[in-house]
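Engineer: Provided below are the primary sequence and the corresponding predicted coordinates.
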Amino acid sequence: MTRAEAEKIISLGDRVTFKRNFNELIGTRVSSSVLDDRSGIAAIIIALNELKDVKAKITALFSVQEESGLTGAKIGPYGKNVDEAIAIDVSFGYTPSCKKSDCGELGKGPMVGFSPLLNKEMSNSLCSVAEKYSIPYQKEIMGGGSTGTNADVITVSERGIKTALISIPEKYMHSPIEIVDTRDVEKTGHLIAYYIKERAGELNA
């Protein structure tokens, strides 16, 4: 549209977004808008389907406004008596001109976060569970101040909650053509489920 055309139908303060799309690519990759964090929701649903018969209190939180202040995750854990939390998000999948050390790779499994903000015991346990059940995974070494995910506020909720982070590698984050590999989404769901199954008998859950 020209400026004159746009001014006829768009008012100051109106919200503008990209047209939504979904495309299947070669192999098991898909491209869509807001796979951050639709893919995380899909992984949680996969995990919950596998946890139907586990005798433990499992709380799933689908929170809002992660990109604008983590507001949903700030209040979500309160009153739930949470023993441990696992935040699910996406992280950067390698593309040309990026540093490989800063990225994961699509198709090589979920990325387990290691950060001063995260519980290292949980991160190590997630890696051990992945190895035990032959789930491919990648380690994501993160800086000190922030993981850029809901984990940042969950870990300091109430009296403090042990928190881990699993991320799905994604290309072209925050664009209308985000790309993930559905195998990574499925493996993320499996890793969550196996971890909880392993821990269910150990915690007062």
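Structural biologist: All right, it came through fine.

Engineer: low-scoring pLDDT stretches of the protein, where are they?
Structural biologist: Applying pLDDT under 70 to the chain picks out residues 202-205.

Engineer: Tell me where it has strands.
Structural biologist: Assigned by DSSP state E, the chain shows strands spanning 22-24, 29-32, 84-92, 111-114, 138-141, 162-170, 178-181.

Engineer: quick one: strands adjacent to the third one?
Structural biologist: The strands beside strand 84-92 in its sheet (DSSP bridges) come out as strand 162-170 (parallel).

Engineer: beta partners for the spatially most central residue of the chain?
Structural biologist: Nearest residue to the geometric centre of the chain (CA atoms, centre = their mean): D89, 1.5 Å. Beta-bridge partners of D89, counted by DSSP bridges, are S167.

Engineer: That one reaches S39, doesn't it?
Structural biologist: No - using CB atoms under 8 Å, D89 is not in contact with S39; the gap is 9.3 Å. Glycine gets a C-beta too; all of them are placed from N, C-alpha and C.

Engineer: what touches both of the two?
Structural biologist: Both D89 and S39 are in contact with I168, where contact means CB atoms under 8 Å, 6 or more residues apart in numbering.

Engineer: so what's Y133 up against?
Structural biologist: Applying CB under 8 Å, 6+ apart, the residues contacting Y133 are 190-191, 194.

Engineer: Go again with 7 Å.
Structural biologist: Taking CB atoms under 7 Å, 6 or more residues apart in numbering as the definition of contact, the neighbours of Y133 are Y194.

Engineer: try E67
Structural biologist: Contacts for E67 (CB under 7 Å, 6+ apart) come out as none.

Engineer: Recalculate using a threshold of 10 Å.
Structural biologist: Counting by CB atoms under 10 Å, 6 or more residues apart in numbering, E67 makes contact with 36-37, 148, 174.

Engineer: out of the residues you listed, which are buried?
Structural biologist: Among the contacts of E67, those classed as buried by 16 or more other CB atoms under 10 Å are 36-37, 148.

Engineer: Okay, helices next: where are they in this protein?
Structural biologist: In the chain, the helices defined using DSSP state H lie at 3-9, 35-50, 71-75, 120-132, 151-154, 182-199.

Engineer: Just say which of the ones you listed is most tucked in.
Structural biologist: When you average the neighbours per residue for each of the helices of the chain (mean count of other CB atoms under 10 Å), helix 151-154 leads with a mean of 25.

Engineer: That one - contacts with which helices or strands?
Structural biologist: Secondary-structure packing of helix 151-154 (3 or more CB pairs under 10 Å, 6 or more residues apart in numbering; DSSP states H and E): helix 71-75, strand 84-92, strand 162-170.
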